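In: Sequence and predicted structure below; questions after.
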Amino acid sequence: MLRKHIRKGSSRTDLGCWDSPTQRSGKSVRLQFDGIIPDEAGWNDVNFVLSELLRDEFNPKNIVRLEFWAQPDRDECNDRVEVEVFTNGTARLHRIRTKPKRPEPATQPSGVIQFVVATERFPDLNKEDRELLARFDRLPLQRRIRFWQKHIARHFR
Amino acid sequence: MRVVTINEFGVPDSELAKQGIPSDCLEEYVGDAYLFRFTIKSPEHFFRSELPNLLRQLHVSIASVYRLVLVGWPGTGLYEVRLYVSFEKRSNRIKFGLLRCAVPSSEPIEYPQDQMERLLYELLKNARPSTKKDLARALGWEERDAEKAH
């Protein structure tokens, strides 16, 4: 479930660095999402969303500010995230690909309800598929993102 | 610093009554807040190991973190952290000196369920055998590449 979305307040501004060891000038893109909590999965998701939005323009080393804050009147999973990332180019925002291209296979005939007792993660995958998923998870974050862009994203729209 | 969180702020009594909430029963949260300032070597290590360890040392959960700011420079990545934690009741067992100890980087027992994992799972559920075979082969190349780089 992807609950994050780009807010209308997202903006692009000029950014220049003078005292940095890597002096640069260019654009910075500021984005806001909802529903990401400050943990490892949240950090991975921020990187994933940025890599989808900015594609080749995204470099995690160019994130210059990341802020999480809990919103009053909301539960803890409704933290707001604001991220500012430096881009060298035009910073065009692309679509986040999360919908599979291939149509779903035929489902159970109507009137039949299938109950699955979840004894482990991904109970409906076979052993080989679970192993493939685990190998993907073991890759360092930036390699996972690159693998996603090169080999997995083409199956989504 | 004292932190007072007022839920349902500015909601008229009539509206609260409609929801069946007496105005004198509104929840509020009062806590002592601490601001921690430090620098990190890598955001990956911080989110995977250092932040969970820090919360363990403070005897609080992630829900007590009400603001977290990481800043950096373009090209160098995020390195400076400001972490705001509020305690409704601060534990006397906190030893701030222990927070300085380096946390060894280790492989997690279980990987976090993030968006990329969920999407690959969705793909594998319906993918053709040939697609799975292609993915497994490409993953093998990526793993070999990662090993060489390591």
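Out: Everything's here; your move. Numbering: from 1, shown residues only, chains lettered A, B, ... in the order given.
In: and the helix ranked longest in chain B, what does it pack onto?
Out: Across chain B, the longest stretch assigned as helix under DSSP state H is helix B:129-149. Counting contacts by 3 or more CB pairs under 8 Å, 6 or more residues apart in numbering or on different chains; DSSP states H and E, helix B:129-149 packs against helix A:127-138, helix A:141-147. The C-beta positions use only the backbone N, C-alpha and C, and glycine is treated the same way.
In: list the helices and strands the shortest one packs on?
Out: Helix A:141-147 sits against helix A:40-54, helix A:127-138, helix B:129-149, with contacts defined as 3+ CB pairs under 8 Å, 6+ apart.
In: Quick check: the gap between residue A:91 and residue B:93.
Out: 48 Å (CB to CB, to the nearest Å).
In: most packed of the helices and strands packed on helix A:141-147?
Out: helix A:40-54 (a mean of 23; mean count of other CB atoms under 10 Å in any protein chain shown).
In: Following element in sequence after that helix, please.
Out: Counting by DSSP states H and E, the element after helix A:40-54 in chain order, helix or strand, is strand A:63-69.
In: I'd like the average pLDDT over that following strand.
Out: For strand A:63-69, mean pLDDT is 94.
In: That one vs helix A:40-54, what angle?
Out: 130 degrees (axes from the mean of the first three to the mean of the last three CA atoms, to 10 degrees).
In: what about strand A:63-69, near chain B?
Out: Yes. Strand A:63-69 lies within reach of chain B by CB under 8 Å from any CB of the partner chain, at A:63, A:64, A:65, A:66, A:67, A:68, A:69.
In: if we can go back for a sec, for residue A:91 and residue B:93, indicate the residue with more neighbours.
Out: The residue with more neighbours, out of residue A:91 and residue B:93, is residue A:91; 17 against 8, by other CB atoms under 10 Å in any protein chain shown.
In: The more buried one is in what secondary structure piece?
Out: Here residue A:91 is assigned to no helix or strand, by DSSP H and E.
In: Surely it and residue A:58 touch.
Out: No. With contact defined as CB atoms under 8 Å, residue A:91 does not count as touching residue A:58 (9.8 Å).
In: quick one on the thing from earlier: between the helices and strands packed on helix A:141-147, which gets nearest to residue B:117?
Out: helix A:127-138 (6.0 Å; CB to CB).
In: which other residues reach the closest one?
Out: Contact partners of helix A:127-138, identified using CB atoms under 8 Å, 6 or more residues apart in numbering or on different chains, comprise A:121-122, A:125, A:144, A:147, B:107, B:111, B:116-117, B:120-121, B:124, B:132, B:135-136, B:139, B:143.
In: Quick check: bridge partners of residue A:67?
Out: With DSSP bridges as the criterion, residue A:67 is bridged to residue A:82, residue B:69.
In: check contacts around it.
Out: A:81, A:82, A:83, B:67, B:68, B:69, B:70.
In: ditto for residue A:142
Out: Contact analysis of residue A:142 by CB under 8 Å, 6+ apart lists A:47, A:60.
In: quick revisit: filter the contacts of helix A:127-138 down to the buried ones, PyMOL style.
Out: Filtering the contacts of helix A:127-138 down to the buried ones (16 or more other CB atoms under 10 Å in any protein chain shown) takes a single PyMOL command:
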select buried, (chain A and resi 122+125+144+147) or (chain B and resi 111+116+117+120+121+124+132+135+139+143)
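In: you'd agree residue B:60 is up against residue B:90?
Out: No. Residue B:60 lies out of contact with residue B:90 (CB under 8 Å); the separation is 9.0 Å.
In: Compare the two (neighbour count), which wins?
Out: Using other CB under 10 Å, the more surrounded residue of residue B:60 and residue B:90 is residue B:60, with 19 against 15.
In: Which pLDDT value goes with that one?
Out: Residue B:60 is assigned 87 on the pLDDT scale.
In: Repeat that for residue B:27.
Out: Reading off the model, residue B:27 has pLDDT 64.
In: Give me the residue ranges of chain A where confidence is low.
Out: Applying pLDDT under 70 to chain A flags the ranges A:1-26, A:73-78, A:90, A:102-120.
In: Just give me the longest strand of it.
Out: strand A:25-34 (DSSP state E).
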